[in-house]
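# Just need the structure, nothing else, for what follows:
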Amino acid sequence: MMPEGPGTGRANMAARTTIRRDTDRRITAGGLLISAGFLLVALASALLPSDMRRGVWLPLHLALPGAASVAIGTVLPFFLAALGATRPGAPWLRIATIGLLAAGAAGVAAGFAAGVGIVATAGGVLFIGGLVGLGALLVTILGGALGPQRGLLPRAYAWAIADVLVGASLATLYVAGWAPIVSVWGQVKPAHAWLNVFGFVGLVIASTLVHLYPTVLGTRIGLRPSVRVALVGLGGGPSAIALGYLLAAAGHGGLGAVVARLGALTVVVGALSLVRFAAEAHAARGRWTTDFAWHRFTSWSLALGVGWYVVGLGVAAARVLVLGVEPVGWGIELVGAPLAIGFILQILVGSWTHLLPSVGPGDQRVHARQRTVLARGTDGRLVLLNAGVAILAVALPLASGAGAVGSDVGANLVDAGVVAGAMCVVVALGAGLALLLRAVLLRPDPPPDPLR
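Here you go, the predicted structure:
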């Protein structure tokens, strides 16, 4: 054996501890493309006749369990590995998790929309399998992390996964026709929505914004007091509200109403604390010298997303405070536009606009060109999307209560508002999807010919 020269041992140790993330980056880019594909199908499904898409059910379930959940299952393991300075999750488990989430969401959407219970049930089982895979990735990645492994963020992610496991299981039992759930679905359905939309998607996005939003703004990352209050409120509140509805379904309506109202107050405190965190980060933002449009699009997408989150969450929490655990307290038409489009989809687009040129495959020249492509039409896309959300936030609740409009002229105006708002959203999101595909397909420039 050759003796080691000076410094060779340290070099070997550094080589052994080098973490390669090329495969993880490629998996992340592929998962984001699958998520974007769900978003494209969701936009297309909105053009179907109302009875085929079951009102807003099909587009929303393609966008939430589809696009949003696949994006979370894709980005969260990558984010945790980078945050903990540890090795990425096993590629086979990463791919299996994304595949199960995608197949499950597609099965649920197709099966329920077509009225084929066995397909929807199988989709639900696959989706739950993907959530279990995501939980396994969380455990294995954090097990090798440097520094504290049981901080607030990992706990928030674990809580979010536990919420959606319960929420998805309730829905799977319903589409499977299990009588104890079917008979009280009016009470269980709001619990399912609160666990999945707020307890999972909302909490994961809010937790990720703790690091992503300051990074986008070019400011210092830190667990400010506002962050701690926000994550505790946005984690515990939805679970308490869901528990209140489930207690009501079990025949304990009085206790359920008390628990749900306490949860609603907790959620409001959490939402206001999230706004304070966003304001603090914005006040400390850096000053960029390049890629102005790209930075503007990503920062405003996240900021406006937080704003719409507070609007939707505030409306939903207010109805719980006023109506308790009455089934009419939950209505997707009242909060669907602010939450699904203004918050979740807007932050999804802003996140991939930031992540692809930052951690995606390719060299620095490719990333620079990607930033240019993804920033095209920044102001127009932001205005169109948020104007569409504002219009839909007013028109959809009016359209769902036909008798409240008062006249045929009023009804026609409401219908025109729904169409106008939907077209704004479709154009803005469609342009974002087209730019994402264009950016992904960019290839490095060929090296210059030395003979020329």
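# The spatially most central residue of the chain: what's it in contact with?
Closest to where the C-alpha atoms of the chain average out (C-alpha atoms, centre = their mean) is A68, at 4.1 Å. Residues near A68 by C-beta atoms under 8 Å, 6 or more residues apart in numbering: 35, 201, 344-345, 348. All C-beta spots, glycine's among them, are computed from the backbone N, C-alpha and C.
# mind running it again at 10 Å?
By C-beta atoms under 10 Å, 6 or more residues apart in numbering, the contact list for A68 reads 35, 38-39, 62, 105, 196-197, 200-202, 204-205, 340, 343-345, 347-348.
# Which of those residues fall in helices?
In this view, the contacts of A68 that belong to helices under DSSP state H are 35, 38-39, 105, 204-205, 347-348.
# Out of these, flag the one nearest to F297.
Nearest to F297 among those: I347, at 12.2 Å, using C-beta to C-beta.
# The closest one against W300, yeah?
No - between I347 and W300 there is no contact under C-beta atoms under 10 Å: 11.2 Å.
# Tell me which of the two has more neighbours.
Per other C-beta atoms under 10 Å, whichever of I347 and W300 has more neighbours is I347, with 27 against 17.
# Would you map the helices across the stretch 101-250 of the chain?
With DSSP state H, counting those that start in this stretch, the ranges of helices along the stretch 101-250 of the chain come out as 117-143, 152-175, 179-182, 185-193, 203-217, 225-249.
# hang on, the earlier thing: relative to L231, how far out is the residue nearest to the centre of the chain?
Remark: distance between A68 and L231 (C-beta to C-beta, to the nearest Å) = 19 Å.
# same thing with A375?
31 Å.
# same question, K189
For K189, the distance to L231 - C-beta to C-beta - is 26 Å.
# The two - which one has more neighbours?
L231 (25 against 19).
# and G270, how many neighbours?
26.
# Which pLDDT does the model give it?
Looking at G270, its pLDDT stands at 96.
# residues in contact with it?
198, 202-203, 206, 229-238, 310, 313, 317.
# L313 too?
197-198, 202, 234, 237-238, 264, 267-268, 270-272, 274, 335, 338-339, 343.
# separation between it and V108?
According to C-beta to C-beta, L313 stands 24 Å off from V108.
# Equivalent analysis for C424, please.
28 Å.
# Same drill for these two, tell me which one is more crowded.
V108 (27 against 20).
# Let me know how buried the spatially closest residue to the more buried one that is not a sequence neighbour is, in neighbour terms.
Of all residues not flanking V108 in the chain, G123 sits nearest, at 3.8 Å (C-beta to C-beta, 6 or more residues apart in numbering). Counted by other C-beta under 10 Å, the residues lying close to G123 total 23.
# Now do the contacts for G123.
65, 103-112, 172, 175.
# cool, V383 as well?
377, 424, 428.
# quick one: which of those is nearest to L142?
Checking the contacts of V383 one by one against L142 (C-beta to C-beta), the nearest turns out to be A428, at 36.6 Å.
# Would you mark the buried spots in the helix or strand encompassing that closest one?
Per DSSP states H and E, A428 falls inside helix 408-440. Buried positions in helix 408-440, judged by neighbour count with 16 or more other C-beta atoms under 10 Å: 411, 414, 417-418, 421-422, 424-429, 431-433, 435-436, 439-440.
# quick one, the helix or strand H354 falls within and helix 203-217 angle?
Here H354 is covered by helix 346-359, with elements defined by DSSP H and E. Interaxial angle, helix 346-359 versus helix 203-217 (axes from the mean of the first three to the mean of the last three C-alpha atoms, to 10 degrees): 50 degrees.
# name the helices or strands packed onto helix 346-359?
helix 22-45, helix 69-83, helix 203-217, helix 292-323, helix 364-374, helix 378-400, helix 408-440 (3 or more C-beta pairs under 10 Å, 6 or more residues apart in numbering; DSSP states H and E).
# Whichever of the contacts of A68 end up buried, select them in ChimeraX.
Here is the ChimeraX command that selects the buried residues among those (16+ other C-beta under 10 Å):
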select :35,38,39,62,105,196,197,200,201,202,204,205,340,343,344,345,347,348
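# Take the helices of the stretch 101-250 of the chain and write them to JSON lines, including distance to T23.
JSON lines is the format used below for these (distance: least, C-beta to C-beta, whole Å):
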{"stretch": "helix 117-143", "distance to T23": "14"}
{"stretch": "helix 152-175", "distance to T23": "22"}
{"stretch": "helix 179-182", "distance to T23": "41"}
{"stretch": "helix 185-193", "distance to T23": "36"}
{"stretch": "helix 203-217", "distance to T23": "22"}
{"stretch": "helix 225-249", "distance to T23": "31"}
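# on that earlier part again, next, the angle from the helix holding H354 to helix 69-83.
Going by the same axes, to 10 degrees, helix 346-359 makes 40 degrees with helix 69-83.
# okay, helix 346-359 in PDB with CA atoms only?
Extracted C-alpha coordinates of helix 346-359, given in PDB (Å, rounded to 0.1, in the frame of the first residue of the first chain):
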ATOM      1  CA  GLN A 346     -49.700  30.900  -7.700                       C
ATOM      2  CA  ILE A 347     -47.100  29.800  -5.200                       C
ATOM      3  CA  LEU A 348     -46.500  26.600  -7.200                       C
ATOM      4  CA  VAL A 349     -45.800  28.600 -10.300                       C
ATOM      5  CA  GLY A 350     -43.600  31.000  -8.400                       C
ATOM      6  CA  SER A 351     -41.700  28.200  -6.800                       C
ATOM      7  CA  TRP A 352     -40.900  26.300 -10.000                       C
ATOM      8  CA  THR A 353     -39.900  29.700 -11.600                       C
ATOM      9  CA  HIS A 354     -37.300  30.000  -8.800                       C
ATOM     10  CA  LEU A 355     -36.200  26.400  -8.400                       C
ATOM     11  CA  LEU A 356     -35.700  25.300 -12.000                       C
ATOM     12  CA  PRO A 357     -32.900  27.900 -12.700                       C
ATOM     13  CA  SER A 358     -31.500  27.500  -9.200                       C
ATOM     14  CA  VAL A 359     -31.200  23.800  -8.500                       C
END
